[in-house]
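Student: got a predicted model here, sequence first, then my questions.
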Amino acid sequence: MGSNAKVSRLNRLDRRSACASALAGFLRRFARDDSGAMLVFGVYTFLIILMVAGIGIDFMRFERDRSKLQATLDRAVLAAADLDQPMNPSEVVEDYFAKSGLGEYLTSVTVDEGLGYRVVSATASTEIDTQFMHMSGVDTLTAPAAGTAEERIDGVEISLVLDVSGSMNNNNRLTNLITASQEFVDNMADNSADGDMTMSIVPYATQVSVPQTLMEQFNVSEEHRYSNCINFESADFDTASLSYTNQYQRTMHFDPWNEFNGLNQDEITLVGNDIERDSLPVCEADLDRQILLMQSDPDALKSYIRNLTARGNTSIDVGMKWGTALLDPSLRTAVNSLSTIGEVPESAANLPTNYNDGETLKVIVLMTDGQNTDQYFVNEGFREGPSDIFYNIDEKAYSIYHPPAEAYFWPDDNKGHYDRYGNWVNDGNKWADHPYGANHPDDSIEGCIGDTPGDWSCRERSQPGTPVNISYPDLWAHVTLKANLYENYYPFMSPSEANRKWYHDIRNYVDTWIKNGRTERICDVAKNNNIIVFTIGFDAPSGGVDMLKYCASSDAHFFEVKRDADGEKIRIAFSSIASSIRKLRLTQ
């Protein structure tokens, strides 16, 4: 190698050595220089921000898809769990996912159902490809969804308060009501497990009639035992409960409307509880007019409804009072006593439940085709004790005591008789010094009669039978107020005097305006105790509609039915209420 080449190679080595020395010096100076630290930190911070932003984007996409999947699943299981849903629950869920374009992500559907309940559970899952997280080794994110929906009717206590006043006979209303309410019973029973649903039926007209066994649980006056209704006082509508200690006034068994019933009929044969009674008293004792208490058997409920009859005035306030009382926990003492004697099912022994038990829905369904009308009652002084009327059972003859002259009037129903000498004696429409009839072994007495009180013609007369002084409760139970007026008092009193003393002074009434106020107050009591109140106006007038709207728990709880000749609308109303009760159970 020439000298020139050696020099060239040495020069290159020297330059490399110089560069290496220079680089090493730079690195030593850089390492000692603090200004380089911030640059490194800035680079690392930028990289971290870029990574976090990318992860955030991946998670946003993940949450978007997961939310869509979960929302679809929630809607699907809720629809499938609906007890009114006729389709197969699994097919309902699958259909929801298919129509949402998510069918491939549904992983499982399980259904548990039985009498009165349905539980539907489902799961779904989808995988989302990551755009940034894959740089850190996470290529996909799994978005799961799961949910369960349940519709179940646990405890439901229902008071079905039905108007059976006389106007319900118009336009086929009663027949249509019977059909609709029977379907309501089936609807509730088919969707309730045994013992989970109890229903009381309160038929109301002028009054509400109560079974004797229930009436005996309370302190009620005992003027008679012909029928069982209570004349509630104004304060009674400020509370749901019934008192076990305060005495209630029993409604008299009387007819304030009809002119001829009982008095002028030949079938009257006895005085007392077995005599033919007024056919239209304000308080009736017929089984189909009495409250049916806390039944769960749909056949028993429907059989009772099938026999409903319509007559009388309209007392929405009294019907609502009883409907509320039958849901009040204070009634439990009475119900427990009735269960021990078989008057209510054993399953009802601990009912009504407490308002706040959290497991029972309390419901009133109040229906009317009218509005509050006058409610009649008998005034004090004519409620007990002996009346002025005597009745000869054998002869079906009445005598009326007239105090001033110690005289007794014998109306036309006292037929003429032969005296002991064979002479015909017209005993009808006469005054006498005794009630018609003998009280003597030989059926003859020395009696005096005449055309005016005290103007006597006395002789022995044949008077079969024995007169019996009728008590006021017995009198009103068997003779209408107007029949008593027309037949017994018109013949010898002026019409104005007779009307005043023997009609207007005897009976009184609670008018519409007072009853409207009472209705509003008892409806407030029910709603304040969290009782759900549904109301139905069945061809009701404006006054009745206004009252029903007031009583309903909300506008959505009021149903108005008009011009329903075939009964389809009233059936829809009851069906809607049954469906609402089931859905309400989910939210309580």
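Tutor: In hand now; what should we look at?

Student: and the helices in the stretch 151-300 of the chain?
Tutor: Using DSSP state H, counting those that start in this stretch, the helices of the stretch 151-300 of the chain run over 173-190, 212-215, 298-306.

Student: quick one: buried residues of the second one?
Tutor: Right, helix 212-215. Going by neighbour count (16 or more other Cβ atoms under 10 Å), the buried part of helix 212-215 is 213-215. Where you see a C-beta, it was placed from the backbone N, CA and C, and this is true even at glycine.

Student: closest to K583 among the residues you listed?
Tutor: Checking those against K583 by Cβ to Cβ gives L214 as the nearest, at 32.4 Å.

Student: using PDB, write out every CA atom in the helix or strand encompassing V545.
Tutor: Using DSSP states H and E, V545 sits within helix 542-551. The C-alpha trace of helix 542-551 is given here as PDB (Å, rounded to 0.1, in the frame of the first residue of the first chain):
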ATOM      1  CA  SER A 542    -124.700  15.100  34.200                       C
ATOM      2  CA  GLY A 543    -125.100  15.300  38.000                       C
ATOM      3  CA  GLY A 544    -124.200  11.600  38.300                       C
ATOM      4  CA  VAL A 545    -121.300  12.000  35.800                       C
ATOM      5  CA  ASP A 546    -119.900  14.900  37.800                       C
ATOM      6  CA  MET A 547    -120.000  12.900  41.000                       C
ATOM      7  CA  LEU A 548    -118.400   9.900  39.400                       C
ATOM      8  CA  LYS A 549    -115.600  12.000  38.000                       C
ATOM      9  CA  TYR A 550    -115.000  13.500  41.500                       C
ATOM     10  CA  CYS A 551    -114.800  10.100  43.100                       C
END
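
Student: before we move on, the earlier item: closest to G450 out of the buried residues of helix 212-215?
Tutor: For those, the closest approach to G450 (Cβ to Cβ) belongs to M215, at 47.9 Å.

Student: apart from its neighbours in sequence, what residue is nearest Y304?
Tutor: Nearest non-adjacent residue to Y304, counting by Cβ to Cβ, 6 or more residues apart in numbering: L292, 4.8 Å away.

Student: quickly list what that neighbour is bridged to.
Tutor: Listed by DSSP bridges, the beta-bridge partners for L292 are I201.

Student: tell me the confidence at it?
Tutor: L292 carries a pLDDT score of 97 in this model.

Student: ok, it touching I201?
Tutor: Yes: the pair L292 and I201 qualifies as a contact (Cβ atoms under 8 Å) at a distance of 4.3 Å.

Student: what about the two, which has more around it?
Tutor: Regarding L292 and I201, a neighbour count based on other Cβ atoms under 10 Å identifies I201 as having more, with 24 against 20.

Student: which secondary element of the chain has the worst mean pLDDT?
Tutor: Every helix and strand of the chain was ranked by mean pLDDT, DSSP states H and E. The lowest is helix 3-32, at a mean of 57.

Student: contacts only, for the closest residue to P541 other than its chain neighbours.
Tutor: Using Cβ to Cβ, 6+ apart and skipping the chain neighbours, the partner closest in space to P541 is Q371 (5.6 Å). Contacts for Q371 (Cβ atoms under 8 Å, 6 or more residues apart in numbering) come out as 314, 316, 512, 540-541, 543-544, 547.

Student: tell me which two of these sit farthest apart.
Tutor: Farthest-apart pair in these is T512 and A540; separation 13.9 Å (Cβ to Cβ).

Student: between those two, which one's more packed in?
Tutor: Per other Cβ under 10 Å, whichever of T512 and A540 has more neighbours is A540, with 24 against 15.

Student: show me the strands in the stretch 201-350 of the chain, by range?
Tutor: 230-231, 249-250, 292-295 (DSSP state E, counting those that start in this stretch).

Student: which one of these lies closest to Y376?
Tutor: strand 230-231 (10.0 Å).

Student: tell me the helices and strands packed up against the closest one.
Tutor: Taking 3 or more Cβ pairs under 8 Å, 6 or more residues apart in numbering; DSSP states H and E as contact, the helices and strands that strand 230-231 lies on are strand 249-250.

Student: and for the strand it packs on, what's in contact with it?
Tutor: If you take Cβ under 8 Å, 6+ apart as the criterion, strand 249-250 is touched by 220-224, 228-231, 377.

Student: ok, that strand: who's next to it in the sheet?
Tutor: Under the criterion DSSP bridges, strand 249-250 sits next to strand 230-231 (antiparallel) in its sheet.

Student: so what's the gap between the strand it pairs with and the chain middle?
Tutor: Centroid separation for strand 230-231 versus its chain: 20 Å, with Cα atoms, centre = their mean, to the nearest Å.

Student: again, but for stretch 348-366
Tutor: On Cα atoms, centre = their mean, the centre of stretch 348-366 falls 11 Å from that of its chain.

Student: number of residues surrounding V119?
Tutor: Per other Cβ under 10 Å, the neighbour tally for V119 reads 18.

Student: which among the strands of the stretch 201-350 of the chain is found nearest to D388?
Tutor: Here strand 249-250 is closest among the strands of the stretch 201-350 of the chain (Cβ to Cβ), at 22.2 Å.

Student: residues contacting the residue nearest to Y304?
Tutor: 200-201, 300-301, 304.

Student: state the pLDDT value of the closest residue to E259 other than its chain neighbours.
Tutor: Spatial nearest neighbour of E259, chain neighbours left out: K482 (4.4 Å); criterion: Cβ to Cβ, 6+ apart. With respect to pLDDT, K482 has a value of 89.

Student: what is the burial count for T245?
Tutor: Residues near T245, counting by other Cβ under 10 Å: 6.

Student: thought P473 was touching M252?
Tutor: Yes: using Cβ under 8 Å, P473 and M252 qualify as a contacting pair, with a distance of 6.7 Å.

Student: so which of those two has more stuff around it?
Tutor: When neighbours are counted by other Cβ under 10 Å, P473 and M252 differ, and M252 comes out ahead with 28 against 23.

Student: the more buried one and N228 touch, don't they?
Tutor: No: counting by Cβ under 8 Å, M252 stays clear of N228, with 11.7 Å between them.
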